[in-house]
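Q: curious how this folds, go ahead:
(2 chains)
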Amino acid sequence: MQGKIIKVSGALVVAENIMDAKLFDVCLVSEKELVGEIIEIHGNKVSIEVYENTDGLKVGDIVKNTQKPLSIQLGPGLIGNVFDGIGRSLNDIYESCGDRIKTGVKVQTLSSDKKWEFVAQKKVGESVFAGDVLGYVQESGIIQHKIMVPNNVSGKLTSIKSGEFSVLDVVAKIKTSNGVEDVCLSSFWPIRIKRPFKKKIEITKPLTTGQRVIDTFFPLACGGVAAIPGPFGSGKTVVQHQIAKWSDADVVVYVGCGERGNEMTDVLQEFPTLLDPKTKKSLMEKTILIANTSDMPVAAREASIYTGITIAEYYRDMGYNVIVMADSTSRWAEALREMSGRLEEIPGEEGYPAYLGSRLASFYERAGNVQTLGQETRVGSVSCVGAVSPQGGDLSEPVSQATLRIVKVFWGLSSSLAYKRHFPAIDWLISYSGYVTNLKSYYAQNLSYEFLDRKNLLMKILQEEKELDDVVSLMGFDVLGDKDKTTLDVAKIIREDYLHQNAFDEIDTYTSLKKQDKMLKCVCEFACQAKEAIEKGATYEQIIDLPSRALIGTMKYTKEEELEKIDDIISAIKSDFLMLNKKEEKE
Amino acid sequence: MIKYYKTIKEASGSIILVSDIKGAMVGELVTIVEKNGGVRYGKVLEIYDETAVVELFDSANSLNLQESKIRFLGKGLEVGVSKDMLGRVFNGLGKVSDGGPEIIPDKFIDVNQGPINPVARDYPNEFIQTGISAIDGLNTLVRGQKLPIFSASGLPHSHLASQIVRQSKVLGENEQFAIVFVAMGISNDDASYFLEDFKKTGAIKNTVSVINLASDSSVERISAPRIGLTIAEYLAFELDMQVLVVMTDITNYAESLREISSARDEIPARRAYPGYMYTDFASLYERAGRVKGKRGSITQIPILTMPDDDKTHPIPDLTGYITEGQIMLSRDLYKKGIYPPIDVLSSLSRLKDKGIGQDKTKSYHSDLLNQLFYAYSRGKNAKNLSIILGENAISTMDKKYAKFSDNFENQFINQGEYENKSIENTLKTGWKLLKDFPRGELKRIKDKNLNILLEED
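A: Residues are numbered from 1 along each chain as shown, chains lettered A, B, ... in the order given. Coordinates of the predicted model:
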């Protein structure tokens, strides 16, 4: 007996007589074979969430069960490509149906026409276990794509050969206790199930982004999770793009989840022209894009972040540090809400389903720093940055709150900073990072010992500024003493010359950790010297008139190759204050 | 064989239930023929078993359920398009409503189009000069952008929108322009203000108007923008025209969405608007843009009135998350007599950085606008401070900024409704206001650009 549609409501289709229906089986709906997933079973009736527009479906249309969960093809060719929420190549869709995405279009994730040069690294007769590297394909200028023994497979290699293969060709055979397993260049993995690893290990390395306010004050770590909530116009997307462009992750997976079409186009056009700061190769050679824009079907939006993180885990298993950017998880939550409403579930807060929190948690939990499967020890990580778009910028709404319970880094964007055109508009007074202690020894070994102390000092000054601002707004600037006035001036330096960073300036857009360390030293030098000078009797006016005071603002425009210029500024500050102090002493 | 059903079972508001039907499709159009020969149109929303839920484009008022026949047309709502639509007025279903002759269509296009493949999009990067300083200078509009006007009741958004329509042009190019004007649930006065203004300036001959007035059906309000955008897409992507779509008022559109959603017994989300409102808005706004290999473009200017001047209300909020910025109108400025009363600090054009700079406007444009923003924001803070503390309590520099903010409002933002300022003129005005500040205060302007500014001065 064939499955048939009995009800259509938006993305939800109810069908009956589906053979062997299991939750999360993929079904092909109607003659057009629209892709859908079983999300509820009631006796003979199943509810199917369809990932494409359901206009044109009729009661009585046939429904076929593929008996498989929603899976994505993993293999060489992912890098540099752009996919929709369920992993279909958008370039191939464009080739096959033009400007607009038609329903029922059949496109694979990876093109099977392309040949890849496979280099075998194991020999016939060797014993191999799940996760072992059999060989590699040079996927892009940056990424060496490792072909691994599939999960749950172990045995003796009976054949393996180097040469040119397409993604569906068999490159190796493994004799296991249950027969012979073929290993192809590509494999399939269900997106809702996390890929296995040996164990999670401690987080010790920062994931630098080249953004001073992030790297210095609220660092992300390899394997860490961060959230960027902010109202519209506060610069969430620019921050996400900046991280995608300048982070030192090996692979970047960018998931545009229910966002603007033009933003994806921007990424598609701009990234190929940019160079990865670490390898100096085109950024596209380490980037994978998942684009499910706001006008694309809402159900596929729900799947898109799982597609993204599954790809990330796959590269993690090869031993890479991968970062997944999801913009925005609020749209994903709204997709959940929409489906929940259609299923007539009892709504929780603001109409969101009660399982919102647990779904979010299980998504973010797929991030981490792990030791991968396989005999040789490989360490890889998935870091995750989720943008949250709270309604009206109000963080008390359910998606923000559920996210904040999970993530350890919080970059809170503030619209008042954005109005002042202070970008990145990350509000230092509310943001935090839980990884600072993990990274302590990294800083000590790779930067200066004082890095954290200096950071803390600047943070303290910013905190003081807030308190002083309250006084100023009540009583005016002039009532303050010279010491407080100077504190405000130093805070201004921190804000304008350190935290403020112009994403559209050629040099300022990226600051290496080394440069940050120097800039930090410079600002701290000024702050400490100024404090000392005031204590020795210098006045506020004397300090702000120092010639080196004006030089601090040029630091951010110093090229990475000319960092000694910052040392010059530090020396200038020192000598200026020396002179000032001498003058004071004479008087 | 044409098959009519006489099985309309229930009616409530604009929703009817038809039973015992075979093979109805979701999204399909229906016609209902009444006993007296009257015809109503509707659309299939949902089907289950042999029942179809149909939404009528007008209400089900005085519809005789027993006597009426319903026919399923086997296709969605379509609009017949032609170049002759320019200069004409249509209703929310795309039917001629200006009393003129029927259009002989080139072809029929379904008003619901699949999403544009992000790979097929071309990035908007051509500067549009609107002749309005607060927009050109600070929140630049580019071709293919969707930039809404966030207004509130009583503010002159109609005047601003028609000024944009009147003055917009891409510098140095001679392309065919067209305007698609979509009115949703606005009063006859407001609609005729636009139409009269288009007539006065001659713009009418390049304008297609789709008008759904406050007194018209609210279901038709949902189809009106789709009709308009489908026509716009035809003009832009098949006839290579540069199309500017003005849609007013999105708030009325959203109200209709809510009305229909509650008639369908859907579970409401925030403020009782349906949970899919974001997706629905996106299906309109995302139809703006440019497509690779096509010369035309669609630039959208949706207008919405913020209920209670509240920009966190779901309508402006969800719009802001989809559109590429917003032009925010301010009641305070309006009361000060400033036209256009654009609050530049909370306005934003996300695409401006791609539309300005060398070869487009001026190399120093970006630096200058950042400096203006900074100075105005600081000036406003200083003014607030001086209100609390008295003018003498703030520093000399703050006084200077406070004065700047007044001058900025009066000389930069403020301009005539029929004043068309060139971008050079706009930037010059901006620099004139800034140049008295000491160099140390002009941190956002790089040396290179400062020199050019000084030279030009």
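
Q: element containing B:Gln300, please.
A: Per DSSP states H and E: B:Gln300 is located in strand B:297-305.

Q: tell me if that strand is near chain A.
A: No - using Cβ under 8 Å from any Cβ of the partner chain, strand B:297-305 stays clear of chain A, coming no nearer than 11.7 Å. C-betas here are computed from N, CA, C, even on glycine.

Q: quick one: average pLDDT of that strand?
A: Averaging pLDDT along strand B:297-305 yields 95.

Q: counting by contacts, list what it packs against.
A: For strand B:297-305, the elements it packs on are strand B:149-151, helix B:157-167, helix B:218-233, strand B:242-248, helix B:250-263, helix B:277-285, strand B:289-291, helix B:314-322, judged by 3 or more Cβ pairs under 8 Å, 6 or more residues apart in numbering or on different chains; DSSP states H and E.

Q: need the ones you listed in JSON lines (columns: mean pLDDT).
A: As requested, these are arranged in JSON lines below (pLDDT from 0 to 100):
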{"stretch": "strand B:149-151", "mean pLDDT": "96"}
{"stretch": "helix B:157-167", "mean pLDDT": "91"}
{"stretch": "helix B:218-233", "mean pLDDT": "94"}
{"stretch": "strand B:242-248", "mean pLDDT": "94"}
{"stretch": "helix B:250-263", "mean pLDDT": "92"}
{"stretch": "helix B:277-285", "mean pLDDT": "93"}
{"stretch": "strand B:289-291", "mean pLDDT": "94"}
{"stretch": "helix B:314-322", "mean pLDDT": "92"}
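
Q: reformat these as a markdown table; add mean neighbour count and distance to A:Leu452.
A: Shown next, in a markdown table, are the helices and strands packed on strand B:297-305 (neighbours: other Cβ atoms under 10 Å in any protein chain shown; distance: least, Cβ to Cβ, whole Å):
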| stretch | mean neighbour count | distance to A:Leu452 |
| --- | --- | --- |
| strand B:149-151 | 27 | 44 |
| helix B:157-167 | 22 | 52 |
| helix B:218-233 | 26 | 55 |
| strand B:242-248 | 26 | 53 |
| helix B:250-263 | 20 | 50 |
| helix B:277-285 | 24 | 42 |
| strand B:289-291 | 25 | 47 |
| helix B:314-322 | 25 | 37 |
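
Q: could I get those as a markdown table with distance to chain A?
A: Supplementary listing: those in a markdown table, determined by distance: least, Cβ to the nearest Cβ, whole Å:
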| stretch | distance to chain A |
| --- | --- |
| strand B:149-151 | 11 |
| helix B:157-167 | 19 |
| helix B:218-233 | 10 |
| strand B:242-248 | 15 |
| helix B:250-263 | 10 |
| helix B:277-285 | 3 |
| strand B:289-291 | 5 |
| helix B:314-322 | 4 |
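
Q: which of those sits closest to B:Leu329?
A: Of all the helices and strands packed on strand B:297-305, strand B:149-151 sits nearest to B:Leu329, with 4.6 Å by Cβ to Cβ.

Q: now do that closest one: everything it contacts.
A: Residues from elsewhere that reach strand B:149-151, judged by Cβ atoms under 8 Å, 6 or more residues apart in numbering or on different chains: B:157, B:160-161, B:301-306, B:311, B:316, B:319-320, B:326-329.

Q: same question, stretch A:101-112
A: Contacts of stretch A:101-112 (Cβ under 8 Å, 6+ apart): A:30, A:32-34, A:52-53, A:55-56, A:72-73, A:75-78, A:83-84, A:87-89, A:92-93, A:96-97, A:166-168, A:186, A:296, B:114-117.

Q: ok, of those residues, which come out buried?
A: Among these, those scoring as buried are A:30, A:33-34, A:52-53, A:55-56, A:72-73, A:75-78, A:83-84, A:87-89, A:92-93, A:97, A:166-167, A:186, A:296, B:114-117 (criterion: 16 or more other Cβ atoms under 10 Å in any protein chain shown).

Q: the residue in the stretch 351-500 of chain A that chain B sits nearest to - how many residues pack around it?
A: The nearest approach of the stretch 351-500 of chain A to chain B comes at A:Gly392, 2.7 Å away (Cβ to the nearest Cβ). Using other Cβ atoms under 10 Å in any protein chain shown, A:Gly392 is surrounded by 17 other residues.

Q: repeat for A:Leu395
A: Neighbour tally, A:Leu395, other Cβ under 10 Å: 18.

Q: for the stretch 451-587 of chain A, which residues are neighbours of chain B?
A: Where the stretch 451-587 of chain A comes near chain B, counting by Cβ under 8 Å from any Cβ, the residues are A:472-478, A:496, A:504, A:550, A:553, A:557.

Q: by neighbours, which of those wins?
A: Greatest neighbour count in these, by other Cβ under 10 Å, goes to A:Val472: 21 neighbours.

Q: returning to that earlier point: tell me which of the contacts of stretch A:101-112 fall in strands.
A: Among the contacts of stretch A:101-112, the ones falling in strands (DSSP state E) are A:34, A:72-73, A:83.

Q: which single residue of chain B ends up nearest chain A?
A: Closest point on chain B to chain A, by Cβ to the nearest Cβ, is B:Thr312, at 2.7 Å.

Q: returning to what we had before: ok, for the residue of the stretch 351-500 of chain A closest to chain B, nearest residue in space, not its chain neighbours?
A: B:Thr312 (2.7 Å; Cβ to Cβ, 6 or more residues apart in numbering or on different chains).

Q: from memory the one you found sits against A:Gln391, does it?
A: Yes - with contacts counted by Cβ atoms under 8 Å, B:Thr312 reaches A:Gln391, the gap being 6.9 Å.

Q: in chain A, which helix has the most residues?
A: If you go by DSSP state H, chain A has its longest helix at helix A:451-475.

Q: what about the next helix or strand after it, average pLDDT?
A: Following helix A:451-475 in sequence order, the next helix or strand is helix A:482-493 (DSSP H and E). Averaging pLDDT along helix A:482-493 yields 94.
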